[in-house]
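Peer 1: this is the structure alone, sequence omitted:
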């Protein structure tokens, strides 16, 4: 078993796919988290004409097929597209752009849903304590830290498991834009199952670690509430 694992991950192609996957997923998640958290909290805290429409559009984008986003980004970044001069097509940066468009609505929608139920009470408490705007915002982030973590993890999980959009935008180029999921798809079509299983196990291990961290945070929150 150990020799099999060493054999799988001694392949430069596999190591490159793992590296590209993490670079893409971490970068896109960080960008989407900053935009999505800010947008979700802002949307909860502001009333304006058309707010319900904006919320419906966001919820629609949460379920949009990734391949549609991939096609859109492909058309934007192709040589004759609006972003063609930036040379983003068939690069990791282009894949990050596609992932940001996919997971930002997910994070912002989840943050908005959590904020709708939690933030009014937090703001009311902050007002009674005489907190200013900066202190109130800091308290909101502190009280919602576990919920924000789950939102970010949901976005990261979506990004790291994506196939369709990264295939269209990245082109699945060996050593450059090939990710774990696109490599698994390629290996399956070639009948090379050992490396595909190894990469699948890595994805399962990542999911297990994230779930373990989530359980730990949930236990910490319950412990704090009991005190």
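Peer 2: The structure has been received and is ready for your questions. None of these values were measured; they are calculated from a predicted model.

Peer 1: SS state for the spatially most central residue of the chain?
Peer 2: In the chain, the centroid-proximal residue (C-alpha atoms, centre = their mean) is residue 155; its distance is 2.6 Å. The three-state assignment at residue 155 reads helix, by DSSP: H, G, I helix; E, B strand; the rest coil.

Peer 1: how close does residue 66 get to residue 140?
Peer 2: 31 Å (C-beta to C-beta, to the nearest Å). C-beta: built from backbone N, CA, C; applies to glycine.

Peer 1: now residue 99
Peer 2: According to C-beta to C-beta, residue 99 and residue 140 sit 27 Å apart.

Peer 1: neighbour-wise, which of these two wins?
Peer 2: Neighbour totals were compared for residue 99 and residue 140, and residue 99 leads with 30 against 20 (other C-beta atoms under 10 Å).

Peer 1: the residue nearest to the more buried one when sequence neighbours are not counted: neighbour count?
Peer 2: Nearest non-adjacent residue to residue 99, counting by C-beta to C-beta, 6 or more residues apart in numbering: residue 28, 3.5 Å away. As a burial measure, residue 28 scores 27 neighbours (other C-beta under 10 Å).

Peer 1: residue 28 sits in which helix or strand?
Peer 2: Taking DSSP states H and E as the definition, residue 28 sits inside helix 12-45.

Peer 1: now the helix or strand that that helix is followed by and helix 12-45, what's the angle there?
Peer 2: Proceeding N to C from helix 12-45, the next assigned helix or strand is helix 51-62, under DSSP H and E. Comparing the axes of helix 51-62 and helix 12-45 via axes from the mean of the first three to the mean of the last three C-alpha atoms, to 10 degrees yields an angle of 170 degrees.

Peer 1: what helices and strands are in contact with helix 51-62?
Peer 2: Packing partners of helix 51-62 (3 or more C-beta pairs under 8 Å, 6 or more residues apart in numbering; DSSP states H and E): helix 12-45, helix 92-128.

Peer 1: pull out the buried residues from that helix.
Peer 2: By neighbour count on 16 or more other C-beta atoms under 10 Å, the buried set for helix 51-62 is 55, 58, 61-62.

Peer 1: with stretch 113-124 instead?
Peer 2: Buried-residue list, stretch 113-124, by 16+ other C-beta under 10 Å: 113-115, 119, 122-123.

Peer 1: do stretch 17-26 as well
Peer 2: 17-18, 20-21, 24-25.

Peer 1: now tell me what touches it from outside.
Peer 2: Residues from elsewhere that reach stretch 17-26 (C-beta atoms under 8 Å, 6 or more residues apart in numbering): 92, 95-96, 99, 156, 159-160, 166, 176-183, 199, 202.

Peer 1: in helices, which of those fall?
Peer 2: In this view, the contacts of stretch 17-26 that belong to helices under DSSP state H are 92, 95-96, 99, 156, 159-160, 166, 180-183, 199, 202.

Peer 1: filter those down to the buried ones, ChimeraX style.
Peer 2: Entered in ChimeraX, the line below selects the buried ones among the ones in helices among the contacts of stretch 17-26, by 16+ other C-beta under 10 Å:
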select :92,95,96,99,156,159,160,166,180,181,182,183,199,202
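
Peer 1: would you format the ones in helices among the contacts of stretch 17-26 as JSON lines with distance to residue 35 and pLDDT included?
Peer 2: Below are the ones in helices among the contacts of stretch 17-26 laid out as JSON lines (distance: C-beta to C-beta, whole Å; pLDDT from 0 to 100):
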{"residue": "92", "distance to residue 35": "19", "pLDDT": "93"}
{"residue": "95", "distance to residue 35": "17", "pLDDT": "94"}
{"residue": "96", "distance to residue 35": "13", "pLDDT": "95"}
{"residue": "99", "distance to residue 35": "12", "pLDDT": "95"}
{"residue": "156", "distance to residue 35": "14", "pLDDT": "89"}
{"residue": "159", "distance to residue 35": "14", "pLDDT": "88"}
{"residue": "160", "distance to residue 35": "18", "pLDDT": "88"}
{"residue": "166", "distance to residue 35": "20", "pLDDT": "90"}
{"residue": "180", "distance to residue 35": "25", "pLDDT": "87"}
{"residue": "181", "distance to residue 35": "24", "pLDDT": "87"}
{"residue": "182", "distance to residue 35": "25", "pLDDT": "88"}
{"residue": "183", "distance to residue 35": "29", "pLDDT": "87"}
{"residue": "199", "distance to residue 35": "29", "pLDDT": "80"}
{"residue": "202", "distance to residue 35": "28", "pLDDT": "81"}
